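A.B. asks: Coordinates for the following, if possible.
(one chain, ligands or ions: 1)
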Amino acid sequence: MNASNPQDQVQELRRQLKSLLDAATANERKLDRFDALERRLIAVSSMEELVNLLLVDCRDDFGLDAAELWLLDLDEELRRALPALPMVKPPRLLDGHGPLKDLFGATRSTRLIGPGADEGLLALAFAPESGIKSAALLPLIRQGLLIGSLHFGSRDPERYDSSSGTKFLDRLAAIAAIAIESMLNRERLRRAGMTDGLTGVHNRRYFDHRSLIEFSQAVRHRYPLACLFLDIDHFKAINDRHGHPTGDEVLRQVGGLIQRSLRTGDLAARYGGEEFVVLLPRTDEAGAREVAERIRQMVQDAPFVTPEGGTVSATLSVGLAMLPVEATSFGDLLAAADRAVYEAKRRGRNCTVVDESPAA
Ligand SMILES: Nc1nc2c(ncn2[C@@H]2O[C@H](COP(=O)(O)OP(=O)(O)OP(=O)(O)O)[C@@H](O)[C@H]2O)c(=O)[nH]1
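C.D. replies: Okay, here's the model as predicted:
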């Protein structure tokens, strides 16, 4: 091309103008996509929706090859909560700060990684088989603390390079961190509303709600439903002899033993002071008796550790009742299990009694 030729000059200017316009249009589209994503992030109403949005929708909308979310979970709160939530791709839960330090060091700012010096980080941030060649690693920060990270990866080595700006991504990370924190708080509140603070099993309010659902399912589908009432023996004496904190500790450990003895789908709750209730759907009398005896035996054998580091022992009386085929109310089943536990106390405690009263 001859630059002094006016026609060539015009053509060159046209070419430059077109490339500027193309870049502006691409930027505008990018801005629109980020804008739409931010609006959706702000509007999410559940943890699973949020995770699916960050990991699945983001990957599809931005034409990425991989998206990863890491969340710090020092007290294993998320480890307990997340399995119950339906997620296409769950986040990776971190039990320490190490992996985040490896990615961000002390800088805690968005990192764009392409081929070159920091390439090794790609193997940390993504599964090795994903073949990621460039990536954006976004630290998620709330109130000055690193709570996790969001990783966008591409097999195109030029998709992200360290000289590009990170303004959009920084903003996205800030909004994602707020959305994650608010969902975690919501999840905590939801769980607190249905969990007994001392023992960690469900509370009476949740039991009252779930038992009605279990009752109507069992009646509709005509499957057996067993109810256990479990009452710690001479609990007043444990409190009186060893102190209230030891009584609390026994309650906490009994709650844990009961919970661990059950299958998914069974329901355990603290019904009152030293009383627990268990619902076993699709379980016949023989099966329910086995569960009751297993729990009773475990409690009998357990050395309960006191807050001072000593041990005390405890036993349980268990009342078992089966939902009568023609039951009309869940209250009948509860009343029958209550009668049975009363009978177990009468027979000398530390035993399981099956309610034998004629079906209601
Ligand atoms: N430490 C502690 N004690 C509790 C809690 N809730 C109820 N209690 C106590 O549990 C005791 C229950 O006593 P009782 O109902 O007389 O029954 P018990 O001593 O277990 O005797 P039996 O059931 O007849 O074997 C009471 O002393 C309550 O104060 C709690 O959250 N923590």
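A.B. asks: ok, for residue 113, nearest residue in space, not its chain neighbours?
C.D. replies: residue 135 (4.9 Å; Cβ to Cβ, 6 or more residues apart in numbering). For glycine as for every other residue, the C-beta is placed from the backbone atoms N, C-alpha and C.
A.B. asks: hang on, that neighbour packs against residue 153?
C.D. replies: Yes - counting by Cβ atoms under 8 Å, residue 135 does reach residue 153; the two are 4.2 Å apart.
A.B. asks: what is in contact with these two at once?
C.D. replies: By the contact definition Cβ atoms under 8 Å, 6 or more residues apart in numbering, residue 135 and residue 153 are jointly contacted by 122, 125, 126.
A.B. asks: Looking at those residues, which is nearest residue 241?
C.D. replies: Of all the shared contacts of residue 135 and residue 153, residue 241 sits closest to residue 125, with 56.0 Å by Cβ to Cβ.
A.B. asks: give me the number of residues near the closest one?
C.D. replies: 23 (other Cβ atoms under 10 Å).
A.B. asks: That one touches residue 137, doesn't it?
C.D. replies: Yes - using Cβ under 8 Å, residue 125 is in contact with residue 137, at 5.8 Å.
A.B. asks: what sits in contact with each of these two?
C.D. replies: In contact with both residue 125 and residue 137: 103, 113, 149, 151, using Cβ under 8 Å, 6+ apart.
A.B. asks: Tell me which two of those sit farthest apart.
C.D. replies: 113 and 149 (12.6 Å).
A.B. asks: Looking at the two, which one has more neighbours?
C.D. replies: residue 149 (29 against 24).
A.B. asks: How about the contacts made by the more buried one?
C.D. replies: Residues 69, 70, 100, 103, 104, 125, 137, 138, 139, 140 are the ones in contact with residue 149 under the rule Cβ under 8 Å, 6+ apart.
A.B. asks: Mind checking what secondary structure it has?
C.D. replies: On the three-state scheme (DSSP: H, G, I helix; E, B strand; the rest coil), residue 149 is labelled strand.
A.B. asks: Okay, strands next: where are they in the stretch 51-200 of the chain?
C.D. replies: 66-72, 92-94, 111-113, 134-142, 145-154 (DSSP state E, counting those that start in this stretch).
A.B. asks: For the residue nearest to residue 73 when sequence neighbours are not counted, give the beta-bridge partners.
C.D. replies: Spatial nearest neighbour of residue 73, excluding adjacent residues (Cβ to Cβ, 6+ apart): residue 93 at 4.1 Å. Counting by DSSP bridges, residue 93 is bridged to residue 71.
A.B. asks: correct me, but residue 93 touches residue 74?
C.D. replies: No - applying Cβ under 8 Å as the test, residue 93 and residue 74 come out as separate, 9.8 Å apart.
A.B. asks: Neighbour count: those two, which is higher?
C.D. replies: Neighbours were counted for residue 93 and for residue 74 using other Cβ under 10 Å; residue 93 has more, 17 against 11.
A.B. asks: Is the ligand within reach of stretch 319-330?
C.D. replies: No - using Cβ under 6 Å from any ligand atom, stretch 319-330 stays clear of the ligand, with a minimum separation of 11.6 Å.
A.B. asks: how would you label residue 318: helix, strand or coil?
C.D. replies: strand.
A.B. asks: Settle this for me: it is touching residue 230, isn't it.
C.D. replies: Yes - counting by Cβ under 8 Å, residue 318 touches residue 230, with 5.2 Å between them.
A.B. asks: Residues that sit against both of those two, list them.
C.D. replies: With Cβ under 8 Å, 6+ apart, residue 318 and residue 230 have common neighbours 292, 295, 296, 341.
A.B. asks: what's the distance between the residue nearest to residue 321 when sequence neighbours are not counted and residue 356?
C.D. replies: Using Cβ to Cβ, 6+ apart and skipping the chain neighbours, the partner closest in space to residue 321 is residue 336 (3.5 Å). Per Cβ to Cβ, to the nearest Å, residue 336 is found 9 Å from residue 356.
A.B. asks: Now do the buried residues in the lengthiest helix in the chain.
C.D. replies: Longest helix of the chain, by residue count under DSSP state H: helix 6-43. Under the neighbour-count criterion of 16 or more other Cβ atoms under 10 Å, helix 6-43 has 34, 37, 38, 40, 41 buried.
A.B. asks: now, which of those sits nearest the ligand?
C.D. replies: residue 41 (41.3 Å; Cβ to the nearest ligand atom).
A.B. asks: List of residues touching stretch 117-135?
C.D. replies: In contact with stretch 117-135 (Cβ under 8 Å, 6+ apart) are residues 65-66, 68, 99, 102-103, 111-115, 137, 149, 151-162.
A.B. asks: Measure how buried residue 122 is and give me the count.
C.D. replies: Residues near residue 122, counting by other Cβ under 10 Å: 22.
A.B. asks: Residue 99 - nearest residue in space that isn't next to it in sequence?
C.D. replies: residue 70 (6.6 Å).
A.B. asks: And the pLDDT for the one you found?
C.D. replies: Note for residue 70: predicted pLDDT of 96.
A.B. asks: Highest neighbour count among the contacts of residue 149?
C.D. replies: Ranking the contacts of residue 149 using other Cβ under 10 Å puts residue 137 first, with 28 neighbours.
A.B. asks: And the ligand, is stretch 228-246 touching that?
C.D. replies: Yes - Stretch 228-246 lies within reach of the ligand by Cβ under 6 Å from any ligand atom, at 231, 232, 233, 234, 235, 236, 237, 239, 244.
A.B. asks: Could you check how far the last one is from residue 255?
C.D. replies: Spelled out, that is residue 244. The value you get for residue 244 to residue 255, if Cβ to Cβ is used, is 16 Å.
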